[in-house]
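Trainee: after the sequence you'll find the predicted model.
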Number of protein chains: 2
Amino acid sequence: MSDLEVRQLRYFVAVAEELHFGRAADRLGMAQPPLSRAIRDLERQLGVTLLERTTRNVALTAAGEALLCDARTALDAVSAAEHRARNAGRPRPALRLALKADYDAGLLPGILAAFAREEAALPVELLMGNRGEQAPALRDGRADVALVWQPFDDRGIDTVPLHTESRFLAVAATDPLADKDSLYLADLSGRLLPYGSPAEEGNSSPPAGAMLFDLPQLLNLIELGEVVWFAPESVVRRHPRPGIAYRPVHDLTPSTMVVAWPRESRSPAVAAFVRTAVAVAGAAS
Amino acid sequence: MSDLEVRQLRYFVAVAEELHFGRAADRLGMAQPPLSRAIRDLERQLGVTLLERTTRNVALTAAGEALLCDARTALDAVSAAEHRARNAGRPRPALRLALKADYDAGLLPGILAAFAREEAALPVELLMGNRGEQAPALRDGRADVALVWQPFDDRGIDTVPLHTESRFLAVAATDPLADKDSLYLADLSGRLLPYGSPAEEGNSSPPAGAMLFDLPQLLNLIELGEVVWFAPESVVRRHPRPGIAYRPVHDLTPSTMVVAWPRESRSPAVAAFVRTAVAVAGAAS
DNA sequence: GGTCACTCATATCCGCAGGGTATCAATCGG
DNA sequence: CCGATTGATACCCTGCGGATATGAGTGACC
């Protein structure tokens, strides 16, 4: 009947994700035997078998699946408590805004300037991250509000759309694809980055081994013909390059940038930021 | 930089709620000195002072306020992981339905019968609780779905309205109030139960010392003239008593019963139950 | 204003939970 | 059939978290 502890949840999530006690122990920076014991004790405590294990295979039970999901959100909630308390304890707490560099559709300066004039304004701290890192940062309390492009994993997150724009295929000028004026998604099979593509599901866990790029790096790779990519119109306008061709793709849906915040947030600063962002985006369009 | 632990959060919440180390330690079933030390260590770990304390007074700082709120939800999330895993691990998991006895507006049998015919049906387990206990049960995972009367503290909870009905003042037949045909809320000042009254805020923390009643007990007390109460119409119809007078109150808003579930729930059984409940309630009205 | 009661902090001790190492046991590939 | 792999068991030991005793600051009351 004793309470579940964060450590137990961390251990279980590691094992459930790796499906391998050795690797999980490695990831946790500990030895395998105490991890095995911890999982066994956890199962005893819950009165539930979470993993079916042989010496050659580890698999989640239905209860394990359920716990994995709930444990992740619980760990996020604990992390959020920690991060928000840390921020709230600073002499002058900040509004921590997560975004992907160069992906603000040009709205950021206007939003920041307008927000600074708000009643509930706080100093704004920018958390530059790669695509897919904003939502987790909101969930675990590292950020208070974010600018994100849909689609993304919005569990536990509320959003308001700010700005919609069409996207273009960015491809090396020397690429055969650049010769066509008229493109469809089907023309690109196998050429897309595993994330940032329209086919991606909401769960944007970065695929193993995939490097994460900032925009200049990405543009370089495109110019070299290593990758192709869908560029929002605002990026096209702000980063023209002779070595890169931007081509419309007919069946590519436009992309929407939203302002996002943790659903349970009741911070007046966040509310003011959202209001400001919507107003600025509305005035700009 | 080490992780926050559940124990630390529990300790902090106890102190923050009691604002008294001795009483908090008492509530936690431990001695005061280790609790003081734990809080001090927590503050060191976060690098934040959570409580301003003198030997005569303990008060929350802003950071403490923030942490109290986030810690509560984090503790709920951990509890939810535990309870849901326990349920999912049973040979035949149940759909756990929380409600207040006798407050189903007569819809319960129909809903249960229809739900049993559903594809995704599970055995239903009823969690009878007092008013205000349903929402916490959803948040901490003891229940999967609930029937509740608005208003209630719906943080983290999604709802769909099922049924709206007007309420009547229930008062002893011998009470002077029973003589009036025409009543207003103003006539009742000071006569209301602290909960179940329309003046209550969403936070239905049961006031210290208030006993919680089941319906027969409550009706007894009303008959004895100890209390007055607002009875939903369906209760009036199903529990007529000679000793109790039911009187309309003109400025008393009708009350709505909703089906409620944790916002992040993605259980097909819950979805099916909600669908069924809406259908049955719609057909009944 | 001195004393008492109250309450939070400090000092010190102790048991055990939780981690490490060594080893066993089961299973699959060749 | 043997070896490699991998999870489980056995055992030890350190440090964390709890208890008790005591100190120290502060408001209340005579």
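Mentor: Great, that's in hand.
Trainee: in the helix or strand hosting residue A:11, what counts as buried?
Mentor: Taking DSSP states H and E as the criterion, residue A:11 maps to helix A:6-18. Residues of helix A:6-18 classed as buried: A:6, A:8-16, A:18 (neighbour count, 16 or more other Cβ atoms under 10 Å in any protein chain shown). Quick note: C-beta positions are derived from backbone N, CA and C, even for glycine.
Trainee: likewise for stretch A:107-119?
Mentor: Buried residues in stretch A:107-119 (16+ other Cβ under 10 Å): A:107-108, A:110-112, A:114-115.
Trainee: and the gap between the residue lying closest to residue A:129 once chain neighbours are set aside and residue A:259?
Mentor: Distances taken as Cβ to Cβ, 6 or more residues apart in numbering or on different chains place residue A:98 nearest to residue A:129, at 5.8 Å, with adjacent residues excluded. According to Cβ to Cβ, to the nearest Å, residue A:98 and residue A:259 sit 11 Å apart.
Trainee: return the set of buried residues in stretch A:266-277.
Mentor: A:267, A:269-270, A:272-277.
Trainee: what's the answer for stretch A:224-231, then?
Mentor: Neighbour-count burial for stretch A:224-231 [16+ other Cβ under 10 Å]: A:227-231.
Trainee: near DNA strand C, which residues of chain A?
Mentor: With Cβ under 7 Å from any atom of the strand as the criterion, chain A meets DNA strand C at residues A:5, A:7, A:29-31, A:33-34, A:37-38, A:41, A:54-56.
Trainee: could you list the domains of chain A?
Mentor: As assigned by automatic domain parsing, chain A contains the domains A:6-85, A:90-164+A:256-284, A:167-253.
Trainee: for DNA strand D, find the nearest of those domains.
Mentor: Of all those, domain A:6-85 sits nearest to DNA strand D, with 2.9 Å by Cβ to the nearest atom of the strand.
Trainee: my read is that residue A:185 contacts residue A:253, right?
Mentor: No: using Cβ atoms under 8 Å, residue A:185 is not in contact with residue A:253, being 9.9 Å away.
Trainee: between these two, tell me which one has more neighbours.
Mentor: residue A:185 (17 against 13; other Cβ atoms under 10 Å in any protein chain shown).
Trainee: any idea how far the more buried one is from residue A:170?
Mentor: The value you get for residue A:185 to residue A:170, if Cβ to Cβ is used, is 15 Å.
Trainee: rewinding a little: quick one: the next helix or strand after the helix holding residue A:11 to chain centroid distance?
Mentor: Under the assignment DSSP H and E, the closest C-terminal helix or strand after helix A:6-18 is helix A:21-28. Mean-position distance between helix A:21-28 and its chain equals 25 Å (Cα atoms, centre = their mean, to the nearest Å).
Trainee: got the CA positions of helix A:21-28 in CSV?
Mentor: Taking Å, rounded to 0.1, in the frame of the first residue of the first chain, the C-alpha atoms of helix A:21-28 are listed here in CSV:
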residue,chain,number,x,y,z
PHE,A,21,17.2,-4.7,-18.5
GLY,A,22,20.9,-4.3,-19.4
ARG,A,23,20.5,-1.4,-21.7
ALA,A,24,17.9,0.2,-19.3
ALA,A,25,20.3,-0.1,-16.4
ASP,A,26,23.0,1.4,-18.6
ARG,A,27,20.8,4.3,-19.5
LEU,A,28,19.9,4.8,-15.8
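Trainee: check residue A:124 and give its pLDDT.
Mentor: You'll see residue A:124 listed with a pLDDT of 95.
Trainee: pretty sure it is touching residue A:113, no?
Mentor: No: Residue A:124 lies out of contact with residue A:113 (Cβ under 8 Å); the separation is 10.5 Å.
Trainee: from what I see, residue A:24 and residue A:35 are in contact.
Mentor: Yes: using Cβ under 8 Å, residue A:24 makes contact with residue A:35 at a distance of 6.3 Å.
Trainee: what is in contact with those two at once?
Mentor: A:11, A:14-15 (Cβ atoms under 8 Å, 6 or more residues apart in numbering or on different chains).
Trainee: does stretch A:58-75 come close to DNA strand D?
Mentor: Yes: Stretch A:58-75 reaches DNA strand D (Cβ under 7 Å from any atom of the strand) through residue A:58.
Trainee: up against chain B, what does chain A have?
Mentor: A:3-7, A:9-10, A:46-50, A:61-63, A:65-67, A:70-71, A:73-74, A:76-82, A:84-86, A:88-89, A:93, A:141, A:155-156, A:263-264 (Cβ under 8 Å from any Cβ of the partner chain).
Trainee: now, of these, which are buried?
Mentor: A:4-6, A:9-10, A:46, A:48, A:50, A:61, A:63, A:66-67, A:70-71, A:73-74, A:76-82, A:84-86, A:88-89, A:93, A:141, A:155-156, A:263.
Trainee: which elements pack onto the lowest-mean-pLDDT helix or strand in chain A?
Mentor: Ranked by mean pLDDT, DSSP states H and E, the weakest helix or strand in chain A is helix A:215-223, scoring a mean of 74. If contacts are counted by 3 or more Cβ pairs under 8 Å, 6 or more residues apart in numbering or on different chains; DSSP states H and E, helix A:215-223 sits against strand A:167-172, strand A:244-248.
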